[in-house]
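# quick one, what's the 3D model for this:
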Amino acid sequence: MSQVIRYRRLMGYVGVILLVLLGMMPIMAQERGTISGKVTDARTGESLPGANIILVGTFMGTSSGPDGSYSFEAPAGSYTLRCSFIGYATKDVEITVIAGEVTTVDFELSEAAAEFGDVIVVLGSRAERTAVETPVPVDVISEVAVRESPQYELNQVLRDLVPSYNASHQTIADGTDHINPASLRGLGPDQVLVLINGKRRHPSALVHVNGTFGRGTVGVDLNAIPKSAIERIEVLRDGAAAQYGSDAIAGVINIVLKESTGKINVNAMTGANNLLFKKDISLSPEIQEIRTAHGLSPDVRFDDTDGETYSLDINYGFKIGSTGFFNITGEYLDRGRTNRSTTWTG
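Okay, the predicted model is just below:
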């Protein structure tokens, strides 16, 4: 019996609370007003979409639409309405919001020549790998970035990871095909200084000829440095001739080698070209006749696979004494030829 009484009493309390809330709803609705208006350029009169309109000291506000108009609700009271837009001077207006009414405030913003404050606008970004606290920004490429690259050779890895660095394979270019001439900031291979652990790396004995890029110059063979031996790569993409000499006009590449011991790293990669490129070559009836007379198929289909590449590298470090080490890396690379020519049909 007592439980029934308690239940009825509880339901009575709930009913009273619901009645009070229902009675307050019209009052609450009347205590809010609407703020609306339009944001335009003071000089041209054009609409400014995306402008920020807020009530200072609150979290209430909105942004202007495509036609520059805005509208939002706020409790009745006095406020400071602020309008801001990138490249324009911020404008404040004192307003009073009346319950159940619409307060119209139009903003005409003037352009600001320069405005510095706490607002930071990011137009674009890259991975956080640049040391900007140094006198000149230096790109630092980690071991992971080098290892995750799909390229087999260090020159090609840097081409993909470093802006303004270029190194392309040359065709019919004698030894230049193996020692790719590298370019930093569009300058020649002999104007890029390469350091190993801060020490100057010797150039190769090959002079680039045969009309290739960097003809007549001698550069450093970066492909002779195994990827597994690299701890990180530091790239200074700015002239440093005053500090290092005339061979650093384009910039400096410092390759820091591993110092790890007691850990073995084994990496293998393979790939090929033209696996998905299959193309039927159209031949005239006369050519098909000639091919048939010579015992050849009248149709030509280009579906060969070429450029097979196999890479295997191993890195291991030995500890010497309490502070010394000996780190060794071996790499095997076999890159097959690439042929895009077809059978001459007369």
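
# any idea how far F326 is from E231?
15 Å (Cβ to Cβ, to the nearest Å). In short, each C-beta sits where N, CA and C put it, glycine included.

# equivalent analysis for Y152, please.
Shown here: Y152 relative to E231, a distance of 19 Å by Cβ to Cβ.

# now the helices for the protein?
With helices called from DSSP state H, the chain shows them at 2-30, 143-147, 154-161, 241-244, 285-293.

# and those, which one averages the lowest pLDDT?
Ranked by mean pLDDT, the helices of the chain end with helix 2-30 at the bottom, a mean of 53.

# count of residues packed around the closest residue to G33 other than its chain neighbours?
Spatial nearest neighbour of G33, chain neighbours left out: V97 (4.1 Å); criterion: Cβ to Cβ, 6 or more residues apart in numbering. V97 is flanked by 21 other residues according to other Cβ atoms under 10 Å.

# enumerate every residue touching V97.
Neighbouring residues of V97 by Cβ atoms under 8 Å, 6 or more residues apart in numbering: R32, G33, I35, A74, P75, A76, G77, S78, Y79, T103.

# and I230, by the same measure?
Contacts of I230 by Cβ under 8 Å, 6+ apart are E143, V146, L154, I255, V256, L257, K258.

# separation between it and D139?
14 Å.

# P285 too?
P285 sits at a distance of 59 Å from D139 (criterion: Cβ to Cβ).

# quick one, which of these two is more surrounded?
D139 (21 against 8).

# identify the bridge partners of the more buried one.
T130, V235 (DSSP bridges).

# isn't it up against G251?
No - D139 lies out of contact with G251 (Cβ atoms under 8 Å); the separation is 9.9 Å.

# what is in contact with the two at once?
Each of V235, R237 lies in contact with both D139 and G251 under the rule Cβ under 8 Å, 6+ apart.

# could you list the low-confidence segments of the stretch 151-300 of the chain?
Residue ranges of the stretch 151-300 of the chain with pLDDT under 70: 171-177, 210-212, 214, 216, 274-282, 300.

# could you point out the longest strand of the protein?
If you go by DSSP state E, the chain has its longest strand at strand 306-320.

# what lies in contact with that one?
With contacts defined as Cβ under 8 Å, 6+ apart, strand 306-320 is touched by 152, 226-229, 258-274, 325-339.

# list the buried residues of it.
Buried residues in strand 306-320, counted by 16 or more other Cβ atoms under 10 Å: T309, S311, D313, I314, N315, Y316, G317.

# could the contacts of I230 go into CSV alongside neighbour count?
Below are these laid out as CSV (neighbours: other Cβ atoms under 10 Å):
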residue, neighbour count
E143, 18
V146, 20
L154, 25
I255, 23
V256, 17
L257, 15
K258, 20
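
# check these and tell me the two furthest apart.
Within the contacts of I230, two members stand farthest from each other by Cβ to Cβ: L154 and K258, at 14.3 Å.

# out of the contacts of I230, flag the one nearest to G68.
Using Cβ to Cβ, V146 is the member of the contacts of I230 that lies nearest G68, at 50.1 Å.

# contacts only, for the closest one.
The contact partners of V146, by Cβ under 8 Å, 6+ apart, come to L154, V157, L161, K227, I230, I233.

# go again with 6 Å.
Taking Cβ atoms under 6 Å, 6 or more residues apart in numbering as the contact definition, V146 lies against V157, K227, I230.

# with D92 instead?
Per Cβ under 6 Å, 6+ apart, neighbours of D92: T80, R82.

# now swap in N265 and tell me
The neighbours of N265, taking Cβ under 6 Å, 6+ apart as the test, are S228, N315.

# please name the bridge partners of S47.
For S47, the beta-bridge partners under DSSP bridges are T40.

# how far away is it from V138?
45 Å.

# the more surrounded of the two?
Shown here are S47 and V138; by other Cβ under 10 Å, V138 has more neighbours (19 against 16).

# per-residue pLDDT, the more buried one?
pLDDT, V138: 82.

# same check on G37?
93.

# again, but for F59
As predicted, F59 sits at a pLDDT of 81.

# ok, it to F72 distance?
Distance from F59 to F72, by Cβ to Cβ: 12 Å.

# now swap in G321 and tell me
With distances taken as Cβ to Cβ, G321 is found 72 Å from F72.

# who's more crowded, these two?
Neighbour count, other Cβ under 10 Å: between G321 and F72, F72 has more, with 14 against 6.

# in space, what's closest to the more buried one - neighbours in sequence excluded?
Spatial nearest neighbour of F72, excluding adjacent residues (Cβ to Cβ, 6+ apart): T62 at 4.3 Å.

# can you tell me how far the one you found is from T309?
Counting by Cβ to Cβ, the separation of T62 from T309 is 57 Å.
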